[in-house]
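*Asks:* Sequence and predicted structure are below.
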Amino acid sequence: MTADIEEVWVYLAASPLTGLTLTLLAYQAGLWLYDKSNANALLNPVLIAIGMLAGFLYLTDTDYATYFEGAQFVHFLLGPATVALAVPLYRQFTLVRQSAPALVTALVVGSLTAAGSAVAIGWALGASERTLLSLAPKSATTPVAMGIAEKIGGIPSLTAVLVILTGIIGAVLGTGLLKLIRIHDHKATGFALGVASHGIATARALQVSEVAGAFSGLAMGLNALATALLVPLLHRIFF
């Protein structure tokens, strides 16, 4: 019986659609748990889905490349999904224009803080120089962060993992932490989430309100640009 099951799995693993199906089922399970918990941030559906998929791949001894043959279809949709963030931004454009001076200041301070605090903590814990360089762009969206890491001498694959962790932590803890320090304005909440934790936290901001989602999407895009400009500059100065 066990041999039969193994044969079936070998056959299924060879199909690209298996990875896609597993991804959708894992996220749907995470979303179900999230809804049943009354939107408890600790049960973020992305976090649940990642945990389920990682456990499944480990238990079935499936390598990531085989899984990604099917999951790449979801990966492809990241582009259109990012572009779609322009819709709430367009609807809230008047608020964005009114807040422009504050947003520019928050962007520069937030981008420097995100990179500087990560490097400082890593340095204090004895991380190597390459690890520190991989940490610096962790608050930018994944493709940008990996490109920056490669340019300044970091490890792009490590940066990708750090970016995902940053996004999950921001989505899980961000809104609660901001409420704890008495920040209730949706514009500030959204912008902070977008600068600190890019797309995953932006998805969380959209659950808060359209205003928060619009400002988070804007922050995610602007922080990618700011990080691409500031991190290489700081690298030349300090390294």
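*Replies:* All right, it came through fine.
*Asks:* going forward, measure contacts between C-alpha atoms and count neighbours the same way
*Replies:* Will do.
*Asks:* Go through the protein and flag its longest helix.
*Replies:* In the chain, with assignment by DSSP state H, the single longest helix is helix 210-238.
*Asks:* chain center to it: distance?
*Replies:* Between the centre of helix 210-238 and the centre of its chain there are 13 Å (CA atoms, centre = their mean, to the nearest Å).
*Asks:* cool, stretch 85-97 as well?
*Replies:* Mean-position distance between stretch 85-97 and its chain equals 21 Å (CA atoms, centre = their mean).
*Asks:* that older thread, for the longest helix of the chain, packing partners?
*Replies:* helix 86-91, helix 100-124, helix 142-152, helix 186-208 (3 or more CA pairs under 8 Å, 6 or more residues apart in numbering; DSSP states H and E).
*Asks:* For that helix, which residues meet the burial criterion?
*Replies:* Across helix 210-238, burial judged by 16 or more other CA atoms under 10 Å covers 210-224, 226-228, 230-232.
*Asks:* To residue 47, which of the helices and strands packed on helix 210-238 lies closest?
*Replies:* Smallest distance to residue 47 across these (CA to CA): 9.8 Å, for helix 186-208.
*Asks:* low pLDDT regions in this structure?
*Replies:* Judged by pLDDT under 70, the chain has its weakly predicted residues at 1-16.
*Asks:* give me the element the residue nearest the centre of it is part of.
*Replies:* When the chain is reduced to its mean C-alpha position, the nearest residue by CA atoms, centre = their mean turns out to be residue 167, at 3.4 Å. The secondary structure element spanning residue 167 is helix 156-180 (assigned by DSSP states H and E).
*Asks:* Fine by me, we can end here.
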